[in-house]
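Novice: coords please:
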Amino acid sequence: MRILIVEDEWEVATLIKTGLEEYDFVAVIAGDAKEAQQKLAESEFDIVILDVNLPVISGFDLCRMIRNRFENLPILMLTAFGSTDSKLDGFDAGADDYLVKPFEFRELVARLRALTRRNSAHPAEPAILRIADLELNQQSKTVKRGNQKLSLTARELALLEFFLKNQNKALSRNEIIEQVWDLNFDTGTNVVDVYVNYLRKKIDKDFPVKLIHTLSGIGYIMQATDD
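Specialist: Down below sits the predicted model:
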């Protein structure tokens, strides 16, 4: 596994690099966004570990740049900012996972392996996922309901895709966050509820047939029912 570490604090970056190499990973360090973009252009990487607090260009902005160019490259944000708002900013920027400093190195390695397993598994799937009059084109990443095109963020698209692939199935918040965010569930965060509400406003609010339903004490389910 080739890993790009984007971290401006050299001692921290070196510690991470040394630790990863003990697990037989190949780790390369970039000290800022410009160097990271250069290394990504020159070599292929399996995953990016990205610090938020970078000079000149923030980790959030760099994450967006990487995601626009490398759609399927896993990005793990590693940062001291652990608030729900900071996590939401990271996910909105296109991050796949978010680990807060200080952390146990074994957890970092486990998350990296989980991200690469998920990224390497690409079973054949239909290009378009449907329920009622809603469609998600997995190739173009476009969504429409009836004749109306809907604009979704990358994280909302990922959440919708997970719901569509699990129609009529009760989904716990734990399942959702593990599959959509690749996180170990943290009962202290309401990130799932926040994003479900975002998604509902876009795909359900103005339509008579509701698709996302709350299951008290369980989580959510996607099924087509009249309001």
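Novice: what residue ranges in the protein score low on pLDDT?
Specialist: Low-confidence segments of the chain, defined by pLDDT under 70: 119-126, 182-189, 226-227.
Novice: Nearest residue to the middle of it?
Specialist: Nearest to the geometric centre of the chain sits Asp96, at 2.9 Å (Cα atoms, centre = their mean).
Novice: Quick one: neighbours of the residue nearest to that one when sequence neighbours are not counted, just the number.
Specialist: Among residues not flanking Asp96 along the chain, Pro74 sits closest, at 4.9 Å (Cβ to Cβ, 6 or more residues apart in numbering). Where C-beta positions appear, they are placed from N, C-alpha and C, glycine not excepted. The tally of other residues near Pro74 (other Cβ atoms under 10 Å) stands at 24.
Novice: With the one 10 residues further on instead?
Specialist: A total of 13 residues lie near Thr84 under the criterion other Cβ under 10 Å.
Novice: hang on, isn't it packed against Asn190?
Specialist: Yes. The pair Thr84 / Asn190 is scored as a contact, 6.7 Å apart, by Cβ atoms under 8 Å.
Novice: Next up, the contacts around Leu54.
Specialist: Listed by Cβ atoms under 8 Å, 6 or more residues apart in numbering, the contact set of Leu54 reads Val6, Asp8, Asp32, Ala33, Leu62.
Novice: And for Lys17?
Specialist: Taking Cβ under 8 Å, 6+ apart, we find Lys17 in contact with Ile5, Ala27, Val28, Ile29.
Novice: Tell me the one of the residues you listed nearest Arg106?
Specialist: The shortest approach to Arg106 among these belongs to Ala27, at 16.2 Å (Cβ to Cβ).
Novice: Tell me the helix or strand right after the host helix or strand of that closest one.
Specialist: Element membership for Ala27, per DSSP states H and E: strand 26-30. As assigned by DSSP H and E, the chain's next helix or strand after strand 26-30 is helix 33-42.
Novice: quick one: that following helix to chain centroid distance?
Specialist: 21 Å (Cα atoms, centre = their mean, to the nearest Å).
Novice: List the buried residues of it.
Specialist: Judged by neighbour count using 16 or more other Cβ atoms under 10 Å, the buried positions of helix 33-42 are Ala33, Ala36, Gln37, Lys39, Leu40.
Novice: got it, and stretch 208-225?
Specialist: Quick answer for stretch 208-225 (16+ other Cβ under 10 Å): Lys210, Leu211, Ile212, Gly219, Tyr220, Ile221, Met222.
Novice: So of those residues, which two are at opposite extremes in space?
Specialist: Distances among the buried residues of stretch 208-225 were taken as Cβ to Cβ; the most separated pair is Lys210 and Gly219, at 16.0 Å.
Novice: next structured bit after the helix or strand hosting Leu78?
Specialist: Following DSSP H and E, one finds Leu78 within strand 75-79. Once the chain leaves strand 75-79, the next helix or strand it forms, by DSSP H and E, is helix 84-93.
Novice: what angle sits between that next one and strand 75-79?
Specialist: Going by axes from the mean of the first three to the mean of the last three Cα atoms, to 10 degrees, helix 84-93 is angled at 150 degrees with respect to strand 75-79.
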